[in-house]
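K.L.:
got a structure for you, letters missing:
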């Protein structure tokens, strides 16, 4: 869920705010000038990684118009005093069609243009180039569609010293893949469970907190041979909104 890797840019996790954009139980809105900072934690294979990312919907003076929003995705660093600041010359700027609100198609269908910065240098990709880039296309085409949704008890989250009463949902889905091997068919079942706390007053998908647990189990249809299926793999990812506000300003060069 919360991993987005743009070619030439270190992994940025903020676009994953939109992983649940197709879910009808999750609010979806983009407001001009709003920004949100998220802390991500990924635990897998006994290792843990943490990162910080800002998502900003720029205003009309910066390039948003009646057809599309201009959205910046920025890796952040935390200064000794706790202030979060964008990494200079790194990030991604997306021009997102306002048809996104219809929740149809894939996210890639609504990206009119993407411009990425790495080492202070910008590269522009139009919609056709995005589809030709397998890494970017696969990421933007990835979204979560729950097979089951369970409504939990409302929960309270504190963001920036303000309490938000959030709806809580548990969403689950499973996917099965089969590979034909000389020793038999290898079957892998991947289950995903997401828990999200949302409030419609919060930016983008209203996410105050979300956690995802992914488990992959493999088996052979002819067990007992020399080949053994790999052990189960578990990955846990947590996303937490740490701050949000209005008055977003461009951080990636000019907004042209």
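P.N.:
Happy to help now that I have it. Keep in mind that this is a model prediction, so the values were computed, not measured.

K.L.:
got the buried residues for the helix or strand where residue 190 lies?
P.N.:
Element membership of residue 190 [criterion: DSSP states H and E] is strand 184-198. Along strand 184-198, these residues count as buried under the neighbour rule (16 or more other CB atoms under 10 Å): 184, 186, 188, 192-198. C-beta coordinates here come from the backbone N, C-alpha and C atoms, glycine included.

K.L.:
This structure: strands as residue ranges?
P.N.:
Counting by DSSP state E, one finds strands in the chain at the ranges 34-44, 47-57, 68-78, 84-86, 91-97, 111-118, 121-126, 148-151, 155-159, 162-181, 184-198, 207-220, 233-246.

K.L.:
can you list the residues that contact stretch 66-81?
P.N.:
With contacts defined as CB atoms under 8 Å, 6 or more residues apart in numbering, stretch 66-81 is touched by 4, 10, 12, 14-15, 30, 32, 37, 51-58, 62-64, 84-87, 90-98, 112, 248, 250-252, 255.

K.L.:
go again using 7 Å as the cut-off
P.N.:
The contact list for stretch 66-81 (CB atoms under 7 Å, 6 or more residues apart in numbering) reads 10, 12, 14-15, 30, 37, 51-58, 62-64, 84-87, 90-98, 112, 250-252, 255.

K.L.:
Which positions in it come out as buried?
P.N.:
For stretch 66-81, using 16+ other CB under 10 Å, the buried residues are 68-76.

K.L.:
With stretch 173-182 instead?
P.N.:
Taking 16+ other CB under 10 Å as the neighbour-count basis, stretch 173-182 is seen to contain no buried residue.

K.L.:
I'd like the mean pLDDT over that stretch, please.
P.N.:
For stretch 173-182, mean pLDDT is 84.

K.L.:
picking that back up, out of the buried residues of strand 184-198, which one has the weakest pLDDT?
P.N.:
residue 184 (75).

K.L.:
who's that one bridged to?
P.N.:
Each beta-bridge partner of residue 184 is listed here, defined by DSSP bridges: residue 181.

K.L.:
Where does the prediction get shaky in the stretch 51-200 of the chain?
P.N.:
Low-confidence regions of the stretch 51-200 of the chain, defined by pLDDT under 70, span residues 127, 133-143, 183.

K.L.:
Okay, residue 83 and residue 243: tell me how far apart.
P.N.:
For residue 83, the distance to residue 243 under the criterion CB to CB, to the nearest Å works out to 10 Å.

K.L.:
Please say which of these two ends up with more neighbours.
P.N.:
Here residue 83 and residue 243 are set side by side on neighbour count (other CB atoms under 10 Å), and the busier one is residue 243, at 14 against 9.

K.L.:
Around the residue nearest to that one when sequence neighbours are not counted, how many other residues sit close by?
P.N.:
The shortest distance from residue 243 to any residue other than its chain neighbours is 4.4 Å, reached at residue 37 (CB to CB, 6 or more residues apart in numbering). Around residue 37 sit 21 other residues, with neighbours defined as other CB under 10 Å.

K.L.:
still on that earlier bit, can you put the buried residues of strand 184-198 in JSON lines and add distance to residue 239?
P.N.:
Conversion of those to JSON lines gives the following (distance: CB to CB, whole Å):
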{"residue": "184", "distance to residue 239": "39"}
{"residue": "186", "distance to residue 239": "32"}
{"residue": "188", "distance to residue 239": "25"}
{"residue": "192", "distance to residue 239": "14"}
{"residue": "193", "distance to residue 239": "14"}
{"residue": "194", "distance to residue 239": "10"}
{"residue": "195", "distance to residue 239": "11"}
{"residue": "196", "distance to residue 239": "9"}
{"residue": "197", "distance to residue 239": "10"}
{"residue": "198", "distance to residue 239": "12"}
